[in-house]
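> Generate coordinates for the sequence data below:
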Amino acid sequence: MNARTADTAAITAVLDRLADAWERGDGAAYGALFTADATYITYVGTLYVGAQEIGDAHQALFDSFVKGTKLAGRTVSIRFTGPDTALVVTRGDTYKGRPGKLHKIQTYTLTRQADGEWKIAAFQNTKHQAVMEAISFKFQPASKPAAAHA
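As a prediction, this is how the structure comes out:
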C-alpha cells in the first residue's frame with residue numbers, strides 16, 4: 001500500500017468514526033476527531049471553535065434535536081494539498097429509519113498531527129438548495145459548473 005492509499009484509508013476511517021460517534025450520541029468522541037483549534041460551521045451558519053466546544057455542542061444536540069439520528073454520507077473527493085493536509089468534499093445528511101436524499105454538501109480540511117493521526121481542522125456544511133441553484137443557472141447559464149458533482 002503506497003502512502004497516499006494509506007492516507008486516504010486513514011482519512012476515510014476518521015469520517016467513519018465521526019458517523020459512529022454521531023450514531024452513538026457521543027459528543028466527546030465526536031469532538032475528539034477535531035483539532036484543538038478546529039472551526040466548524042453548521043448549515044445554519046453557527047460557528048464553533050475548538051474540539052471541546054464542538055463536542056459539547058454536539059452532545060447537547062445528541063441529547064435533544066438530533067437524538068436517535070444517523071449520518072448518511074458519500075465522499076465526492078479527497079484532494080491532498082500537501083503531505084499533511086487533505087481537503088475532503090462529501091454529500092450527506094442526517095436521518096432516522098432509512099437514509100434519504102443527501103441534501104447537504106460538506107467540506108472538511110484534515111491535517112496529520114505530530115503523532116501521525118489525521119484530525120479535522122475545519123468543517124463547513126451547506127444545505128443544497130436545488131431550486132435556487134436551478135434558477136441561478138437558468139438566468140445565468142455561465143454560472144453552471146462544467147461537470148455535475150452529484
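> Now do the SS call for Thr12.
Following DSSP: H, G, I helix; E, B strand; the rest coil, the label given to Thr12 is helix.
> ok, now which ones touch it?
Contact partners of Thr12, counting by CB atoms under 8 Å, 6 or more residues apart in numbering, are Thr75, Ile78. All C-beta spots, glycine's among them, are computed from the backbone N, C-alpha and C.
> contact partners of the lowest-mean-pLDDT helix or strand in the chain?
None of the helices or strands of the chain scores lower by mean pLDDT, DSSP states H and E than helix 130-139, at a mean of 78. Residues from elsewhere that reach helix 130-139 (CB under 8 Å, 6+ apart): Ser143, Lys144.
> With stretch 72-91 instead?
4, 7-8, 11-12, 15, 19, 92-95, 99-100, 102, 104-112, 118, 128, 149-150.
> ok, now with 6 Å
Stretch 72-91 has contacts (CB atoms under 6 Å, 6 or more residues apart in numbering) with 8, 11, 92-93, 95, 99, 102, 105-112, 149.
> Between the residues you listed, which sits nearest Val49?
Thr109 (14.1 Å; CB to CB).
> and the closest one, what pLDDT?
For Thr109, the model assigns a pLDDT of 98.
> shaky segments in the protein?
Where the chain drops to pLDDT under 70, the residues are 147-150.
> any idea which residue sits dead centre in it?
Nearest to the geometric centre of the chain sits Gln106, at 4.7 Å (CA atoms, centre = their mean).
> Now that one: which helix or strand?
Assigning secondary structure by DSSP states H and E places Gln106 in strand 104-112.
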